[in-house]
Every structure is written in C-alpha cells, then in structure tokens.
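Undergrad: Okay, here's the prediction I keep looking at, along with the sequence it came from:
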Amino acid sequence: MSTQFGELLSCNSKQRIITLQLIEDGANKPYCEFAIVPVDEYNELIERTKSGLTEAAERLET
C-alpha cells in the first residue's frame with residue numbers, strides 16, 4: 001500500500017493543522033482520510049518523513 005500526502009487544506013497556526021491524505025490500496029479504490037493534528041506533531045511527522053525518504057534514496061543508490 002502506498003500513501004501520498006495531499007495538500008494542506010486549512011491551517012490554524014496556533015493550534016491545529018487539517019491535512020488530507022490520499023491512500024491507494026491495490027485491493028481497493030483510493031480513499032481519503034482527514035486528520036486534525038497539533039502543529040508540532042505535524043512538523044515532526046514531516047521531518048521524520050523527509051528523513052526516511054532521504055535514507056531510502058541513499059540505500060537505493062548503493
């Protein structure tokens with residue numbers, strides 16, 4: 001299953017960020033999930049995602 005992050009739909013920088021996630025599952029049609037998360041958690045998730053993608057790319061190059 002692959003996951004793609006959609007565009008930021010709405011942002012309240014003091015409290016919450018609303019995100020849209022498009023999930024593609026080979027057995028099912030794509031569907032959307034909405035999540036409301038604290039800004040600091042969202043920023044941490046983005047950093048962890050970037051870090052993970054960088055590590056994966058480095059492994060593919062070797």
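TA: Structure's in. What do you need? This is a predicted model, so every value here is computed, not measured.

Undergrad: what's the spacing between L45 and L60?
TA: Distance from L45 to L60, counting by CB to CB, to the nearest Å: 22 Å. Where C-beta positions appear, they are placed from N, C-alpha and C, glycine not excepted.

Undergrad: low-scoring stretches of the protein, by residue?
TA: The chain contains residues with pLDDT under 70 at 1-35.

Undergrad: With neighbour numbers in mind, choose between L45 and L60.
TA: L45 (15 against 7; other CB atoms under 10 Å).

Undergrad: Where does the more buried one sit, in terms of helix or strand?
TA: helix 39-61 (DSSP states H and E).

Undergrad: Now that helix: buried residues?
TA: Buried residues in helix 39-61, counted by 16 or more other CB atoms under 10 Å: Y42.

Undergrad: Which other helices and strands does that helix contact?
TA: Applying 3 or more CB pairs under 8 Å, 6 or more residues apart in numbering; DSSP states H and E, we find helix 39-61 packed against strand 16-24.

Undergrad: Let's see that with 10 Å instead.
TA: With contacts defined as 3 or more CB pairs under 10 Å, 6 or more residues apart in numbering; DSSP states H and E, helix 39-61 has these neighbours: strand 2-12, strand 16-24, strand 31-38.
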